[in-house]
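[1] structure of the sequence below:
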Amino acid sequence: MTVKSKPKASVVLLAIVNIASAIGLVYTTHLVRQSTAELQALREQSYQLDAEYGRLLLEASTLGSHARVEAVAVDQLGMQIPKQEQVEVIEVQP
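    Below you'll find the model as predicted:
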């Protein structure tokens, strides 16, 4: 009777290994899908940050332009370009 019980044990063992393998496959598939969704969300965030960075570069370029700085100096601060007689040159000696 011991000869017939060995095939049954190996079949049960193979069934257990097969079920464990299937569970591992399902779990791995779940992890891959979850990681793919996270990657897609991060890529979307990256695209949005790139677009915002481009807008901020454009805004910085606009705000830092010489014409803009001069307009703010004249309009808001009441500054003006000095006349020739108001300019003094200072020489620095080492």
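
[2] and the next helix or strand past the helix or strand hosting residue 50?
    Per DSSP states H and E: residue 50 is located in helix 2-63. Next along the chain after helix 2-63, taking DSSP H and E as the criterion, comes helix 66-75.

[3] ok, residues contacting that following helix?
    Applying CB atoms under 8 Å, 6 or more residues apart in numbering, the contact partners of helix 66-75 are 62, 79, 80. Heads up, the C-betas are built off the backbone N, CA and C, glycines and all.

[4] before we move on, what about stretch 81-94?
    Outside stretch 81-94, no residue touches it (CB under 8 Å, 6+ apart).

[5] okay, buried residues for it please.
    For stretch 81-94, burial by neighbour count (16 or more other CB atoms under 10 Å) applies to no residue.

[6] endpoints of it, how far apart?
    Stretch 81-94 stretches 30 Å from its first residue to its last (CA to CA, to the nearest Å).
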